[in-house]
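S.K.: coords please:
(2 chains)
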Amino acid sequence: MKIVAICGAGIGSSGILKVNAERVLGRLGIQAEVTAAHLASLAQDAANAQVILTSPEFVDAIGKTNADIVIVENYFDTAELTRKLEAALG
Amino acid sequence: MALPALPRDAIVLGAEATDWRDAVRLAGAALTAAGIARPGYAGEMVRMIEEHGPYVVIAPGLALAHARPGPEVLADGLAIVTLATPVDFGHPYNDPVSVVLALAVASGDAHIALVAELANIFNDSSAVADLAAARSVDDVMAIMGAAK
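M.R.: So this is what the prediction gives:
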């Protein structure tokens, strides 16, 4: 399972999503590789990803993809992240 | 956090910002005052938001301003600016912003440990309000060091 967290720079906010997604997935007992990436590297990083985690601002820029796009409102709310990852992966 | 990543010189409390650009520039100036980034980094952080939108407002009341690693970055580090009057960034859920964190990292690979520490601190949902209410640099250091 591959999950990609996207932001504008590929550092900072996508890094926080990666860290918190890994924690949530660990608690859920789901094995996954989570990568932080920016829009410019998205095509290669998300090629075979099942889930893309990001902010509402990036949905249009991400464009067409086979991955589920999960929009995160509060990057530090692991309850929100748990709920949305469970829905996307369940 | 490798708390050297947050030097005391990079903490500014109760700043007056006219708008979100001003708030981000103040955070950039704090990075520069602490020797973390050159003055041009502030403009790069502003451009990031102009280009991609207010996604940096990653939690209610909190902006994590940042740009890409590059020649404007002198060291990995963090600045914190609290605003006397919160400003709107135009975010759909998390406005207004009362605390601006500015993050500079020299390489994309090196930052995950720093960011993991930020997650440790801010996954506690009271951290943003505690920072906004901080009256001294020591208050801020205590909040930011709490997860050590």
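S.K.: pLDDT weak spots in chain B?
M.R.: In the predicted model of chain B, residues B:1-4, B:109-110, B:146-148 satisfy pLDDT under 70.
S.K.: Which residue, neighbours along the chain excluded, lies closest to A:Ala40?
M.R.: Nearest residue to A:Ala40, sequence neighbours excluded (Cβ to Cβ, 6 or more residues apart in numbering or on different chains): A:Gly10, at 8.0 Å. The C-beta positions use only the backbone N, C-alpha and C, and glycine is treated the same way.
S.K.: Enumerate the residues of chain B near chain A.
M.R.: B:48, B:51-56, B:58-60, B:62, B:64, B:66-69, B:92-94, B:103, B:105, B:108, B:111-112, B:115-116, B:118-119, B:122-123, B:125 (Cβ under 8 Å from any Cβ of the partner chain).
S.K.: filter the residues you listed to the buried ones?
M.R.: Among the residues of chain B next to chain A, those buried by neighbour count (16 or more other Cβ atoms under 10 Å in any protein chain shown) are B:48, B:52-56, B:58-60, B:62, B:64, B:66-69, B:94, B:103, B:105, B:108, B:111-112, B:115-116, B:118-119, B:122-123.
S.K.: In strands, which of those residues fall?
M.R.: B:62, B:64, B:66, B:103 (DSSP state E).
S.K.: tell me the pLDDT at the residue nearest to A:Ala40?
M.R.: pLDDT for A:Gly10: 76.
S.K.: Spell out which helix or strand contains it, please.
M.R.: Under the criterion DSSP states H and E, no helix or strand holds A:Gly10.
S.K.: now swap in B:Ala84 and tell me
M.R.: Using DSSP H and E, B:Ala84 falls in strand B:77-87.
S.K.: Packing partners of that strand?
M.R.: Here strand B:77-87 touches strand B:11-15, helix B:20-33, strand B:97-104, helix B:127-132, going by 3 or more Cβ pairs under 8 Å, 6 or more residues apart in numbering or on different chains; DSSP states H and E.
S.K.: export these to JSON lines and tack on distance to A:Ser41?
M.R.: JSON lines is the format used below for the helices and strands packed on strand B:77-87 (distance: least, Cβ to Cβ, whole Å):
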{"stretch": "strand B:11-15", "distance to A:Ser41": "33"}
{"stretch": "helix B:20-33", "distance to A:Ser41": "24"}
{"stretch": "strand B:97-104", "distance to A:Ser41": "19"}
{"stretch": "helix B:127-132", "distance to A:Ser41": "30"}
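S.K.: ranking these by burial, who's on top?
M.R.: Highest mean neighbour count among the helices and strands packed on strand B:77-87 (mean count of other Cβ atoms under 10 Å in any protein chain shown): strand B:97-104, with a mean of 28.
S.K.: Tell me which other helices or strands that strand touches.
M.R.: Using 3+ Cβ pairs under 8 Å, 6+ apart: strand B:97-104 touches helix B:20-33, strand B:62-66, strand B:77-87, helix B:112-122, helix B:127-132.
S.K.: closest one to A:Glu80 among the ones you listed?
M.R.: helix B:112-122 (13.4 Å; Cβ to Cβ).
S.K.: same for that closest one, what does it pack against?
M.R.: Counting by 3+ Cβ pairs under 8 Å, 6+ apart, helix B:112-122 packs on helix A:13-28, strand B:97-104.
S.K.: if you look at the helix or strand bottoming out on mean pLDDT in chain A, does any of it touch chain B?
M.R.: Counting by mean pLDDT, DSSP states H and E, chain A has its least confident helix or strand at helix A:42-45, which shows a mean of 77. No. Helix A:42-45 lies out of reach of chain B by Cβ under 8 Å from any Cβ, never closer than 11.9 Å.
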